[in-house]
Every structure is written in C-alpha cells, then in structure tokens.
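Visitor: Fold the following for me, if possible:
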Amino acid sequence: MKIAVLVKHVPDTYGERRLDPATGWADRTAGDQVIDEISERAVEVALAHKDQDRSTEVVVVTMGPPQATDALRKALAMGADRAVHVLDDALAGADLMVTATVLATALRPERFDLVIAGNESTDGRGGMLPALLAEMLGLPLLSALRTVGLTEREVSGTRITDAASTQVRAQLPAVISITEQLPDARFAGLRGIMAAKRKPQAKLTLAALGLEEPRPRTVVTSTTAVPGRTGGPRIEDDGSAARQLADFLADRHLI
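Guide: From the prediction side, this is the model:
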C-alpha cells in the first residue's frame, strides 16, 4: 500500500503570529516555524499502519518555501519513507484553490491508495483542502475522523458532529482528514533523525508539474491589526463596592 500524508510548515502556535500588512499573508518571519501538530498526527496514522504492514510506503508531501524542508525532515525522522516538496517562488501566498490544484497535480501520477491530511491547519484554518483534493482527484472523502481503520481495500472511521457519532467507510483509493482526537505522534529519536538524512526528498517546481503560474481565486483586500486590550473599570471599595459591581453587571444585562 502507498500512503501520502500532507504536512505543513506553520508558525508555532506558542509564539507570536501575525499577518504581513503589506501582503495580507502570514508573516513567516514573526517567530519559530514548526511542522503543524495535526500534520504530525496524520503521519502517525500512516506509520501505525506501516507498523502492521511493513510493505506500506509512506510519502510525506508539502507545498511551501525552502524552510518547509524542516517539516519534511521531522516526518522522515518519525519513520516516513520519502518526501515530495513542491517549491516555487510563484506559489508564495497561494490560496486554497491554487494549493489544491498544485497538490492534486503532484499526487495524481503517484497513484496513492490513501491520502491523509489534517482537518485544518493552525495558520490558515480554511478546512477545505481535503475536500478540494478529493474532488480534483475524483476520490471519495471521509472527513474529520477521530478514529481510522485501514485494510487492503477499505478505509473506515468515526466522525463526531454536534448531532451524532457516525461510522463511515469508503473503498480505496480515498482521501481522509483527521482531527486532533487521533493519538499524539511518536517521538523522532536520534536513529530516526540520522536515517532521515539518507531518505529521498524530491523537489518539484511548477514547470516540472507541467503547470503555468496559477491565478488565485481569492484576493486579500485589506488587513487590520487587532486593537490592543484596554483595562476595564476599577472599583475601589469605599463601602459601596457591592453596589458598584451590581450596577456594572446590571448595565450589561448580566444579572
């Protein structure tokens, strides 16, 4: 079985994150960049199956700037077999449609049995990429899975919504997206880190994929910084603090 896992290099959620006011894009220089946690969990799903079937090939795929290689190295150190990096300056600031088009073009010749992605990245949080990929590849989609079962012919899992818990399944090949309710990723030890240096990492440009410079379907028209927080009213207890607090809450219809 051949499994593709989509990974993304994102600003660290524990650090500062901001938009570049000139472009409206995420500022990739604002803080540390790391592999997205949901991407790590997606890699773990693939590797857990590889643990059961050693003939399984796990390929990690990303589209991003040169530093996105770090995310691929982390996935290779965890145990993935090889990596594919779509890298082209013309893709800077790509929207969801452009990203899906390019990734679908990169994935199609490989004829993967399963494509795994996170349900949404922690930077863009569009949540639409798995569905767009499934549509472009002409494959069934099982989205937002909290459990995943995989056999030679079928993928299945549990999807939780506000209304119900649903058991879903599809014949392979297919696309799935997983949630943070899947297990944490395994630790990449020293042996894995050293082995990752010898694993293949293919770099693909738009020209190599046979694509012209894509035209975005969405445009950022303006950006506005979030205003800083201001202090609330301060109540000094001069004997009337209880009344002042009650009036404050009543004015805001909280009592």
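Visitor: mind checking how far the closest residue to residue 41 other than its chain neighbours is from residue 220?
Guide: Ranked by Cβ to Cβ, 6 or more residues apart in numbering and with sequence neighbours excluded, the top spatial neighbour of residue 41 is residue 182, at 4.7 Å. (C-beta placed from N, C-alpha, C; glycine too.) According to Cβ to Cβ, to the nearest Å, residue 182 stands 32 Å off from residue 220.
Visitor: quick one: which of the two has more around it?
Guide: Between residue 182 and residue 220, residue 182 has the larger neighbour count (other Cβ atoms under 10 Å), namely 21 against 13.
Visitor: Residue 46 is in contact with the more buried one, correct?
Guide: No: assessed by Cβ atoms under 8 Å, residue 182 is found out of contact with residue 46, at 11.1 Å.
Visitor: And residue 26, its phi and psi?
Guide: Dihedral pair for residue 26: phi -60, psi 130, per degrees, to the nearest 10.
Visitor: what does residue 171 give?
Guide: Per degrees, to the nearest 10, the backbone of residue 171 is at phi -70, psi 150.
Visitor: do you know how far it is from residue 203?
Guide: Distance from residue 171 to residue 203, by Cβ to Cβ: 33 Å.
Visitor: quick one: which of the two has more around it?
Guide: Between residue 171 and residue 203, residue 203 has the larger neighbour count (other Cβ under 10 Å), namely 13 against 10.
Visitor: contacting residues around that one?
Guide: Contacts for residue 203 (Cβ atoms under 8 Å, 6 or more residues apart in numbering) come out as 85, 86, 87.
Visitor: can you tell me how far the first one sits from residue 63?
Guide: What that stands for is residue 85. From residue 85 to residue 63 the distance is 8 Å (Cβ to Cβ).
Visitor: anything in contact with each of those two?
Guide: By Cβ under 8 Å, 6+ apart, no residue touches both residue 85 and residue 63.
Visitor: quick one on the thing from earlier: of the contacts of residue 203 - the most surrounded one?
Guide: Going by other Cβ under 10 Å, residue 86 tops the contacts of residue 203 with 24 neighbours.
Visitor: which residues does that one form a beta bridge with?
Guide: residue 63, residue 204 (DSSP bridges).
Visitor: I figured it hits residue 106, correct?
Guide: Yes: using Cβ under 8 Å, residue 86 is in contact with residue 106, at 5.5 Å.
Visitor: okay, and the common contacts of these two?
Guide: In contact with both residue 86 and residue 106: 61, 63, 204, 209, using Cβ under 8 Å, 6+ apart.
Visitor: Any chance of the residues you listed in CSV with pLDDT as columns?
Guide: Listed next are the shared contacts of residue 86 and residue 106 as CSV, based on pLDDT from 0 to 100:
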residue, pLDDT
61, 97
63, 95
204, 96
209, 95
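Visitor: give me the beta-bridge partners of residue 59?
Guide: Following DSSP bridges, residue 59 is listed with bridge partners residue 4, residue 82.
Visitor: what's near enough to touch it?
Guide: Residue 59 neighbours (Cβ under 8 Å, 6+ apart): 2, 3, 4, 5, 80, 81, 82, 83, 84, 110, 112.
Visitor: Which of those scores worst on pLDDT?
Guide: Lowest in pLDDT among these is residue 110, which has 94.
Visitor: Just name the closest of the shared contacts of residue 86 and residue 106 to residue 224, please.
Guide: residue 63 (27.9 Å; Cβ to Cβ).
Visitor: that older thread, will you turn the contacts of residue 203 into a markdown table that also has distance to residue 143 and pLDDT?
Guide: Shown next, in a markdown table, are those (distance: Cβ to Cβ, whole Å; pLDDT from 0 to 100):
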| residue | distance to residue 143 | pLDDT |
| --- | --- | --- |
| 85 | 25 | 97 |
| 86 | 23 | 97 |
| 87 | 28 | 96 |
